[in-house]
Structure formats: structure tokens, C-alpha cells
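In: Below is the sequence, then the predicted model.
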Amino acid sequence: MNIESRLAQIGSLSDPVTGAVSYPVYQATAFRHPGLGQSTGFDYSRTKSPTRAVLEAAAAELEGGDGGFACSSGMAALHTIFGLFSQGDHLLVSLDLYGGTYRLLEQVMSRYGVTASYVDTNDLDALEAHRTPNTKAVLIETPTNPLMMITDLARVAAWAKGKGCLTIVDNTLLTPFFQRPIEHGADIVVHSATKYLGGHNDVLAGLIVTKGRELTERIAFLHNSIGAVLGPQDAWLLMRGMKTLALRMERHQFNAQRIAEWLTQHPAVEEVYYPGLPHHPGYDIQKRQSSGNTGIFSFRMKDARTIEPILRHLRLIAFAESLGGVESLLTYPAVQTHADIPENIRRRVGVDDRLLRFSVGIEHVDDLIEDLDRAIQAALRETAE
Amino acid sequence: MPDQEQTPRFATRLLHFGKEIDEATGASSVPIIQATTFHHFDVDHPPAFDYSRSGNPTREALEAYIALLEGGARGFAFASGMAAISTAFLLLSAGDHVIVSEDVYGGTYRLLTTVLNRLRIESTFVDMTDFDAVRAAKRPNTKAVYMETPSNPTLKITDIAETAAWAKQNGLLTILDNTFMTPYHQRPIEHGVDLVVHSATKFLGGHSDVLAGLIVAADERLARRVYQLQNGLGAVLNPQDAWLLIRGMKTLQVRMAESERTAGKLAAWLADHPAVEKVYYPGLPGHPRREIHMKQSRGFGAVVSFDVGSGERAKALMKRVRLPLVAVSLGAVESILSYPAMMSHASMPREVRLERGITDGLLRYSVGLEDADDLIADLEQALGG
């Protein structure tokens, strides 16, 4: 079955009792045991909950994994995965990393002796140079956020396997509709499902998909023990969102490509970072390992003074954090999503005070271009005065 | 102190907690705000909420509510009781040691002995009814004391004020799991405890339909550290369940009072029954530390444990009961009969379990809102046959 069909049908045949095509929201936390030592498969909803289970099975199937796990946020999913590691373990992590992941590693995991080195994960020499005997995993974001750097998943996963390291891929920006990292050798896929999978800026959620029985059992144990699980209402909303993932991603991609091309021509813009542009350094790898491009990109203005008036003059596009929703959002990474990353690291990867990140929604592309154009023109007039 | 309005009593505070009316519409219940991101109307004045992992209006209403009830500085809501407990323990760092009630909840035991131990958080389990044993367990690297009183499932009593005062003298953080008593009966912060944790899935929610955890910090300094972890780890409670929990808590006092009345009758009846070897309930005159419990709590709660002498008898009884749900969990409107050896404490090794009095014949009865005579008649037929 094609992925569009599988998405549309999530949970639709899962309720054997009533035949409801939308799976019920089971709020129950406890489940009656038919007899001692017998179970319906459900005991306590932290361990397994019916609504969450349908979502988890769908996530595993879409990513081509063996186990799916739904968590209360993307950060909760990452923290659950980090529970695999022990005192003394070391991780190799994308240099241009989501600020929340950086904070979790540097402010929490570091207190337990779990350390990380930040490298360009597409550079095997750099990975090898930073690898230690205690390196247990490579954590890859591809594309990265916000600078859209691309990692060759098959090449790096093969390298990691050769070194006995796990490959963990944050697939938030592309979703399984465009990219399935397990097919390229990844062991674990993690999502902030708050973004494209949910797609409506109305569900906070994280997902983990694992490959292999042993890893699936270990994550199941941590998921239950740490308890950062997703609630049933949000599991249901997430499935509802995922049913339209294919349509949304196609429109996000179409709009993002058009606007990125338009900005490339704009005289006030210095650089546009979008893997769908042929001059992007990761263009070929991205084309090979993914069937499409995400709906976000970043661009750098020539003049930092234009940033504040641009944000102020926008009418249609909201100035807010987060990404991946049907509504367009513009983010200023240096002060919003990446404020927790020290300035020297931010500058090394290029998250500076002239960079804006655009999460392109599914509005009409001409309206978005007009809004942006008007805001940039107004900003240029103000700064020229 | 100038003449002030009298502080409202607990039953009144349950209904008038400050956020019970929606300011925008006057609605008599807090709205469920599913939004994950919030528009910044003014770049220079960020909104109170920007991303719902960091803060959500519905969740915040619940957090303020529990802080008020427990008499703490600030409350925090989590995806499950274990998510709250996991977050609380991560206030500690590698090399730190914690003293824990020996018959602590099985999930807390599992977390300490299989996850946190790998991060080099060390734990010693002691019988907290023996204050000398608590003091003797202190090491140079001891940083915290974790109490459950009454404990689960043998309802042992820890002297909260004595332990907290000693901990304070020694610079130790005190954490207390107040799930069994709820702030209706027991407010540990009044006795010097720093951090109160709850599995709100139990009496606070009260309907076996919300999985949730809560933390209340006694002072603002500690609250800031908990907030960093709540936001950083992301194991937050979703808005739908936050709303359901607020709804459940409004009837906390009437539910607890009624269940306690029935539990007292049931415990007294069980104590006289020839087939029952031992009854654990702090409300029974023979309970060894009843005086201490009465000093620190306003009631005895609704959980009664009893030992029928053997695993065979326990299993036979579970087969025969008709009214209570045979299930894990507790603290609901419906009575729940659990078998700790195979359910809540299954993750504890058998010899450890037996040492703690959690025998194969021990049953835990969480008394709901059914009629007391019906519950007793049901147990009578189940024990008698």
C-alpha cells in the first residue's frame, strides 16, 4: 500500500467493537484483569494505553521500524532515548542542533557523566576525530535546524555500525512521508510530533521508532519506567493530524520552494538555506535519500537592522516559535529557539543576528510572498531613514 | 498582623482556587488550550506563554491549584506520576546518594535501581519507622531523603517533621510522595518537606481516567530548579488531562471523606475476620505508629491492605470478588483490588519484596464510593467460600 493510503487509514480498522473509523479516545488508566495472571494486553495506561497503542503501531509502520513509542513532547522522547546511556558514555551530535536538545545534553545529561561532541555529522573524518572508546551513538538531524545541513544517512549509519555505535535520527523536519531513516540503516528515529506530524500547532508530542527486538525492548522499559508518555486525547489528535500528512507536506514543500526561490533573487537577502535549491551543498544527497523537501528554510538578511521591523510589519505570517503547522510562522533563532546555545557555537554554525527561519504554512503562496515582500520593503524604508 | 479575611477552608479552596473562572469569557471552567505556540504581538514584549512545553494556560491553572492546596510556592504537572518522580530525582547529580523508604512504590524502586543507578545516583532503602536506621544510612554524599507515608502497600508511617528537621540540619533535600493522603489529609510542606510529589492518577484525579503526576516545591528557589527540568526534559501533562484533573480535584474532599468512612468500616471488619491474618490500616487502634500518623495527617485514607496467609488464598479471593475491579492502580471512585506481589511490586525481586512484608498473601484494597455494606458483603462471600 502507498504511504498516502496508510496515512489516511491510521486507526480506521482498529476498533473491533463498534467499527468506528476514528479510533476511540480511551481515557481509562486501569484495566480489569479477566483473571489473575491474565490480561487483555492492557494493565495500566502508563505501560500501554489503547489509543496510544494505535498511534504507536502506525508510527512504527510508517518509519519501517519494529516498535513505536509516544511521549509527552519531543524533548521527552529524546530524554527517554538518552536513558539508554550510562555514566561515562559519549555521543556524537549534529553541530547545528535544536537548542532544546543542546540544553538537555549540556545542562542535564552532563551532570551524569554523559558527554557530547558537536560535529558536522556528514564529515566522517570529523566524526572519527571526535570518536572515543566510550562513544555509543551518533545523533543526526538532517536537514539540521535552522541551517538545513544535510547528512548522508546511509554512509554515516554504515560507519556508526562499524564502530558499534547506534545511529539516532531526528526526522522531525521531513517526516516518514519524505524520508525513512531506518531504510538507510538508522537504529532509532525520533520526532517532535508537535511539528509536521501533528501539523496544526495544537498537540505537544514526541515519537520514538526503534529497529530490532532488543532495542525495542530496552526503549519500552525506559518509556514505562520514566513515564513521560503521551495522553490519550493528544494521541488521538496526532493520529487525526497524520491522516492529512501527505497533502500538507506536498503543499508545504511547494510553497517553501517557491518562496525560497523568490528570496534568492531578493536584493536585501544575503543567503537562502534550503536543500531544494540546486546550489545548496546537500542538494544531491538530499535528492537521493529523501523523496521531497521540508517546509522550513532559513535566510540571512544583509542588514541586521531590518530584522525587528520585518517582524513588526508582518500581517499574515505569525512571529512565533515552533514550526511545521498549517499556519506560517517566522522565528528569530538567535533569540528564540537557539537562545540556549552559547554564542560562539551559534556563530560557528551561522545562527547569527541576521538569520530568520521561515516555517512555511499551507496558505496561498502568493499571499505569503506579498506579506513578506511588504514587510521587507517597509523595513528597508525604515532603516534607510 | 492586621485583621484579614479568614483564609478559606480546604473544601472552599477546592472550588475557589483563583483560576476557576476564565477571564476572557467568564466561563466557569478553565478552557482547554491545545495551542502549542503563541503569537508574539509585540517583538519587544514576548507573550506570557510562548511554547506549551514551557508553559500552557490550562496546565498552569492546574499547577497553581495544586500549589495552593499543598501550601507550596509553585506546582508542576507531568505526564504521569513516574514522570514527576523521574524529574524530581534529576535534581540530583552523578555521585549523589538518596535515602528512600524501603517499601516504596515498585515503579520508584525500579527507576532507582535500573535507570538512575546507571547515572550513578545511589540509593539506600531503609525502614523509615526506625529513625536510627534513617540516620545511620547517611553518607558523606547523601543529598536527599525520599519518603512515602503511609507507605505502599503496608502503610508504614514515617514521622515527617522529625525526618525533615534532621534532613534540614544536614543540608538534605526532602521529597515526599503524598499520593495516598492528598493535601486534604496531609500537607507535608507544613511539616518541613521541600518537595511533594503525587501520582495524580490516584485520589486527586479520582476517576481512573487521567494519567498524571504533580510536583509542588516549597520555595521559589527550588521551584526554579524544578521548572528548568520540567521544561528541559519535557515530560509535561497535556491540556486535556490537565483539565480533567482540575475537574476531578473539585470533588476531592467529598470523595476522600466518603471512601475513608467506608475504609474504616472495612478495615475493622477484616480485622475481626478469622480468615484474615493481618490488616494494615493506620486508622485501626492497633496500628503501630497511629499516634504519629494522627499528629501529621487529618485522616487515614482509603487504602487497606490485608494478608490472607498464602498466595493460593489471595488468588481464590480475587477470583470470587464481584464488586472491586481486579486491577492495578488505586484511588478511584470504583473500588480496586490489587495483588502487589504480581502487580505494583512485581518489579521488586521476591526476596526484597518478602523482606518488606509484601508477602504472597497480601492484598491491597482501594476503597471507592460504593456502599460500605455491599463491599463488606462481597468480601464476606469471597473470603468465606
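Out: It's in.

In: for the closest residue to chain A within the stretch 151-300 of chain B, what are its contacts?
Out: As assessed by CB to the nearest CB, chain A sits closest to B:Gly234 within the stretch 151-300 of chain B, at 3.0 Å. Where C-beta positions appear, they are placed from N, C-alpha and C, glycine not excepted. Contact analysis of B:Gly234 by CB atoms under 8 Å, 6 or more residues apart in numbering or on different chains lists A:71-76, A:78-79, A:100, A:206, A:228, B:53.

In: ok, those vs B:Val303, which is closest?
Out: Nearest to B:Val303 among those, counting by CB to CB, is A:Ala228 at 26.2 Å.

In: re earlier: for the contacts of B:Gly234, which one is nearest B:Phe300?
Out: Taking CB to CB as the measure, B:Phe300 lies nearest A:Ala228 of the contacts of B:Gly234, at 32.8 Å.

In: The closest one: how many residues sit nearby?
Out: The burial count assigned to A:Ala228 is 32, neighbours taken as other CB atoms under 10 Å in any protein chain shown.

In: Show me the shaky parts of the chain.
Out: Reading this off chain A. For chain A, no stretch is flagged by pLDDT under 70.

In: The chain in question should be chain B.
Out: For chain B, applying pLDDT under 70 flags the ranges B:1-6, B:385.

In: Now do whichever strand or helix holds A:Asn224: which elements does it pack against?
Out: Assigned by DSSP states H and E, A:Asn224 belongs to helix A:213-226. Here helix A:213-226 touches strand A:67-71, helix A:74-82, strand A:206-210, helix B:81-89, going by 3 or more CB pairs under 8 Å, 6 or more residues apart in numbering or on different chains; DSSP states H and E.

In: Can you tell me which of these is most buried?
Out: Highest mean neighbour count of the helices and strands packed on helix A:213-226: strand A:206-210, a mean of 29 (counted as mean count of other CB atoms under 10 Å in any protein chain shown).

In: what's the spacing between it and its chain's center?
Out: Its chain's C-alpha centre and that of strand A:206-210 lie 11 Å apart, by CA atoms, centre = their mean, to the nearest Å.

In: That strand near chain B anywhere?
Out: Yes. Under the criterion of CB under 8 Å from any CB of the partner chain, chain B is reached by strand A:206-210 at A:Gly206.

In: so what secondary structure elements neighbour that strand?
Out: On a contact count with 3+ CB pairs under 8 Å, 6+ apart, strand A:206-210 meets helix A:50-63, strand A:67-71, helix A:74-82, strand A:188-192, helix A:213-226.

In: And the contacts of the fourth one?
Out: Looking back up the chat, that one is strand A:188-192. Contact with strand A:188-192 is made by A:59, A:63, A:65, A:73-75, A:77-78, A:81, A:98, A:166-172, A:175-176, A:180-182, A:197, A:205-211, A:215, A:219, as judged by CB under 8 Å, 6+ apart.

In: repeat for the second one
Out: For strand A:67-71, the surrounding residues in contact (CB under 8 Å, 6+ apart) are A:52, A:55-61, A:77, A:80, A:193, A:205-210, A:215-216, A:219-220, A:223, A:228-230, A:235, A:238, B:79, B:234-235.

In: With the third one instead?
Out: Taking CB under 8 Å, 6+ apart as the criterion, the residues outside helix A:74-82 that touch it are A:69, A:71, A:100-101, A:104-105, A:108-109, A:114, A:168, A:170, A:172, A:188, A:190-195, A:205-208, A:219, A:222-223, A:226, A:228, B:53, B:79, B:83, B:232-236.

In: Quick check: closest non-adjacent residue to A:Leu237.
Out: A:Val203 (4.6 Å; CB to CB, 6 or more residues apart in numbering or on different chains).

In: which residues does the one you found contact?
Out: Residues in contact with A:Val203 (CB under 8 Å, 6+ apart) are A:193-194, A:234, A:237-238, A:241, B:34, B:36, B:238.

In: Also B:Ser335?
Out: Shown in contact with B:Ser335 (CB under 8 Å, 6+ apart): B:323-325, B:365-368, B:370, B:375.

In: Kindly recompute the last result at 10 Å.
Out: Listed by CB atoms under 10 Å, 6 or more residues apart in numbering or on different chains, the contact set of B:Ser335 reads B:259, B:262-263, B:266, B:302, B:321, B:323-325, B:365-370, B:374-375, B:378-379.

In: Phi first, then psi, for it.
Out: Dihedral angles of B:Ser335 (phi, psi; degrees, to the nearest 10) stand at phi -70, psi 140.

In: Would you quantify the distance from it to B:Glu370?
Out: With distances taken as CB to CB, to the nearest Å, B:Ser335 is found 6 Å from B:Glu370.

In: Quickly list what's touching both of those two.
Out: Common neighbours of B:Ser335 and B:Glu370 (criterion: CB under 10 Å, 6+ apart): B:259, B:262, B:323-324, B:378.

In: ranking the helices and strands packed on strand A:206-210 by burial, who's on top?
Out: Greatest average neighbour count among those goes to strand A:188-192 (a mean of 29), per mean count of other CB under 10 Å.

In: Paired strands for it, with orientation please.
Out: Paired neighbours of strand A:188-192 in the sheet (DSSP bridges): strand A:166-170 (parallel), strand A:206-210 (antiparallel).

In: out of the ones you listed, nearest to A:Arg354?
Out: So among those, strand A:166-170 is nearest, using CB to CB, at 25.5 Å.

In: could you give the angle of the closest one to helix A:74-82?
Out: 180 degrees (axes from the mean of the first three to the mean of the last three CA atoms, to 10 degrees).
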